[in-house]
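> using only what follows, build the 3D model:
(one chain, ligands or ions: 2)
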Amino acid sequence: MKPVLALVGRPNVGKSTLFNRLTKSRDAIVADFAGLTRDRHYGNGKQGRQEFIVIDTGGFEPDASTGIYKEMAKQTQQAVAEADVVIFVVDARGGLSAQDHDIAKYLRKIGKPTLLVANKAEGMLEGIQLTEFYELGLGEVIAISAAHGQGTRGLVELAFELLNLPDEPEETEEDPAVIKLAVAGRPNVGKSTLINTWLGEERLVAFDMPGTTRDAISVPFEKQGQKFELIDTAGLRRKGKVFEAIEKFSVVKTLQAIESANVVLLLLDAEQGVTDQDAHIAGYALESGRAMVLAVNKWDAVDEYQRQLVQRSIETRLPFLSFANMHFISAKKRQGLGPVWGSIVQAHKAAMCKMSTPILTRLLLEAVQFQSPQRGGMFRPKLRYAHQGGMNPPVIVVHGNSLEHVTDSYKRFLEARFRKAFDLSGTPLRIEMKTSTNPYADKDSS
Ligand SMILES: Nc1nc2c(ncn2[C@@H]2O[C@H](COP(=O)(O)OP(=O)(O)OP(=O)(O)O)[C@@H](O)[C@H]2O)c(=O)[nH]1
Ligand SMILES: Nc1nc2c(ncn2[C@@H]2O[C@H](COP(=O)(O)OP(=O)(O)OP(=O)(O)O)[C@@H](O)[C@H]2O)c(=O)[nH]1
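Ligands and ions are numbered 1, 2, ... in the order given. The predicted model follows:
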């Protein structure tokens with residue numbers, strides 16, 4: 001499980017800057033919960049080989065009508081609840097404020113592992129200027145400059161130390177016979193209804209057992225002789241028993257479940273169409289290389305016109321999921337559920353597919369014969385052979401010369417042929433081009 005670091009602090013102390021620094025500003029996932037005026041951002045970070053999730057509670061305006069920072073309090077609480085380590089950011093230049101004291105008081109009460117960080121400390125003499133922050137009663141003050149990238153590596157190291165994380169993440173043994181399945185989707189799409197239908201009430205009760213926050217909770221079950229493990233996405237758990245939830249839905253749990261799964265079943269809501277958050281979850285799953293199955297739930301509740309709208313919104317907003325099988329279901333009325341299993345098993349099989357070098361190479365050369373790649377300037381790319389560079393998701397590495405000139409459309413053409421030959425529906429497929437560095441290797445190319 002990736003550890004979760006939450007950035008909290010009053011506005012303008014540099015949380016977003018630190019977030020961008022820690023995540024190298026890859027696409028942040030924005031939680032767009034109804035009723036929240038402001039968003040939390042979620043991003044992936046990596047230091048050494050250890051990956052982590054960062055939550056930013058960025059951007060909000062003080063609530064003028066009440067004069068209190070109600071919204072931030074809520075955002076902060078939620079981020080703190082989801083975090084393994086809280087990073088409390090204060091402004092080394094601005095000095096202490098009453099609001100810093102309020103946040104510190106809250107954090108002391110909660111008692112989560114916390115690091116107190118004085119940002120904007122570039123060029124400052126720690127000993128003298130930062131002493132006032134010790135008043136907050138949160139221990140050592142860590143001086144950093146998010147804008148200049150000073151002290152941020154050390155900060156992450158300290159966070160790992162607090163969690164006793166090993167320097168190198170452990171390799172976990174996987175049982176290839178078990179399909180780890182995550183049912184992901186926005187609040188209210190029908191995840192619990194679907195899982196209840198699948199597992200029966202008594203099985204879900206097992207979910208309510210408290211687990212340690214650091215470990216994934218999962219339910220093993222069997223279906224038609226195939227072993228599955230259902231990974232918890234928190235939405236599955238009954239209200240308030242385990243997770244100190246302000247909201248039931250947890251973005252972090254969803255992200256972690258996607259990471260731990262072999263196959264992600266993404267549920268969409270036919271009544272709502274594809275929302276930003278659906279696209280974010282789907283994008284995250286794709287980026288993680290997960291095999292996927294799409295199911296549009298509540299199909300019973302929409303008329304023909306709405307059905308067409310939903311289908312079109314999937315085509316336009318989730319075009320990158322065209323590799324995934326799609327089903328239209330009703331979890332409530334138990335309609336269309338059978339074929340979903342078939343697709344899950346198929347997606348898993350595809351993700352684990354083994355492709356031999358001779359067969360890959362034969363397919364590659366056949367493809368080239370059928371349609372050769374375009375010349376790029378002076379060079380015509382020469383595709384020589386292919387081998388499998390990875391599994392789950394499958395990676396095909398193509399070797400040859402001048403491969404940097406292979407166009408995206410030609411790569412798509414190759415992808416389609418490989419997909420068809422190996423029956424890869426349900427899994428992302430990555431194709432990498434490796435140009436030979438041997439200067440004599442392209443002697444015989446035209
Ligand atoms: N001198 C200095 N300025 C910084 C540093 N980090 C951030 N800033 C500046 O501080 C201001 C606020 O930074 P943000 O990252 O937007 O702060 P924030 O805490 O996310 O603010 P909200 O989005 O309002 O919550 C910007 O003008 C930044 O350029 C730093 O390390 N040194
Ligand atoms: N019409 C219709 N309603 C459904 C269907 N599946 C679920 N619902 C309804 O949608 C609502 C939300 O269902 P849940 O199963 O609680 O949704 P969830 O995704 O688990 O929601 P969270 O627990 O908030 O993450 C409930 O009122 C269900 O009765 C369906 O197939 N058709």
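
> what pairs with residue 264 across the strands?
Counting by DSSP bridges, residue 264 forms beta bridges with residue 182, residue 292.

> next, work out how far apart the residue in the stretch 301-446 of the chain that ligand 1 sits nearest to and residue 393 are.
In the stretch 301-446 of the chain, no residue comes nearer to ligand 1 than residue 317, which is 27.7 Å away by Cβ to the nearest ligand atom. Just so you know, the C-beta spots here come from the backbone N, C-alpha and C atoms, and that holds for glycine as well. The gap separating residue 317 from residue 393 is 22 Å, by Cβ to Cβ, to the nearest Å.

> these two: who's more crowded?
Taking neighbours as other Cβ atoms under 10 Å, residue 317 and residue 393 compare with residue 393 leading, 20 against 16.

> these two touch, right, the more buried one and residue 352?
No. Using Cβ atoms under 8 Å as the test, residue 393 is too far from residue 352 to be in contact (9.8 Å).

> where along the stretch 51-200 of the chain do the helices fall?
For the stretch 51-200 of the chain, helices defined by DSSP state H, counting those that start in this stretch occupy the ranges 70-82, 98-110, 126-129, 152-162, 191-199.

> among those helices, which one carries the weakest average confidence?
Ranked by mean pLDDT, those end with helix 126-129 at the bottom, a mean of 65.

> show me the shaky parts of this structure.
Along the chain, segments meeting pLDDT under 70 span 25-40, 58-72, 75, 125-128, 167-173, 200-218, 232-250, 437-446.

> up against ligand 2, what does it have?
Contacts of the chain with ligand 2, taken as Cβ under 6 Å from any ligand atom, map to 185, 187-193, 235, 248-249, 297-298, 300-301, 330-332.

> and this protein, which of its residues are near ligand 1?
So far as Cβ under 6 Å from any ligand atom goes, the chain lies against ligand 1 at 9, 11-17, 58-59, 119-120, 122, 145-148.

> how does it look with 5 Å?
11-17, 58-59, 120, 145-147 (Cβ under 5 Å from any ligand atom).

> going through those, which ones are buried?
Taking 16 or more other Cβ atoms under 10 Å as the criterion, what is buried in the residues of the chain next to ligand 1 is 13-17, 58, 120, 145-146.

> domains of the chain?
Structural domains annotated on the chain: 4-162, 178-350, 357-435, as defined by automatic domain parsing.

> quick check: end-to-end length of the longest one?
Across domain 178-350, the terminal residues are separated by 14 Å (Cα to Cα, to the nearest Å).

> I figured residue 389 hits residue 396, correct?
Yes. Taking Cβ under 8 Å as the definition, residue 389 is a contact partner of residue 396 at 6.8 Å.

> ends of stretch 344-362, what's the gap?
Chord length of stretch 344-362, first to last residue, is 29 Å (Cα to Cα).

> closest to ligand 2 out of the residues of the chain next to ligand 1?
Comparing the residues of the chain next to ligand 1 against ligand 2 with Cβ to the nearest ligand atom picks out residue 58 as the nearest, at 24.3 Å.

> excluding sequence neighbours, find me the nearest residue to residue 252.
Of all residues not flanking residue 252 in the chain, residue 82 sits nearest, at 4.5 Å (Cβ to Cβ, 6 or more residues apart in numbering).

> which parts of the stretch 151-300 of the chain are strands?
178-184, 218-223, 226-231, 263-269, 291-297 (DSSP state E, counting those that start in this stretch).

> any chance of those in TSV, plus mean neighbour count?
Output for these, formatted as TSV (neighbours: other Cβ atoms under 10 Å):
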stretch	mean neighbour count
strand 178-184	24
strand 218-223	15
strand 226-231	20
strand 263-269	26
strand 291-297	26
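
> rebuild those strands as JSON lines, extending it with distance to residue 385.
Listed next are the strands of the stretch 151-300 of the chain as JSON lines, based on distance: least, Cβ to Cβ, whole Å:
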{"stretch": "strand 178-184", "distance to residue 385": "32"}
{"stretch": "strand 218-223", "distance to residue 385": "40"}
{"stretch": "strand 226-231", "distance to residue 385": "35"}
{"stretch": "strand 263-269", "distance to residue 385": "31"}
{"stretch": "strand 291-297", "distance to residue 385": "26"}
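
> ok, which of those comes nearest residue 278?
Residue 278 lies closest to strand 263-269 among the strands of the stretch 151-300 of the chain, at 5.8 Å (Cβ to Cβ).

> helices or strands up against the closest one?
Where contact means 3 or more Cβ pairs under 8 Å, 6 or more residues apart in numbering; DSSP states H and E, strand 263-269 is packed against strand 178-184, helix 276-287, strand 291-297, helix 338-351.
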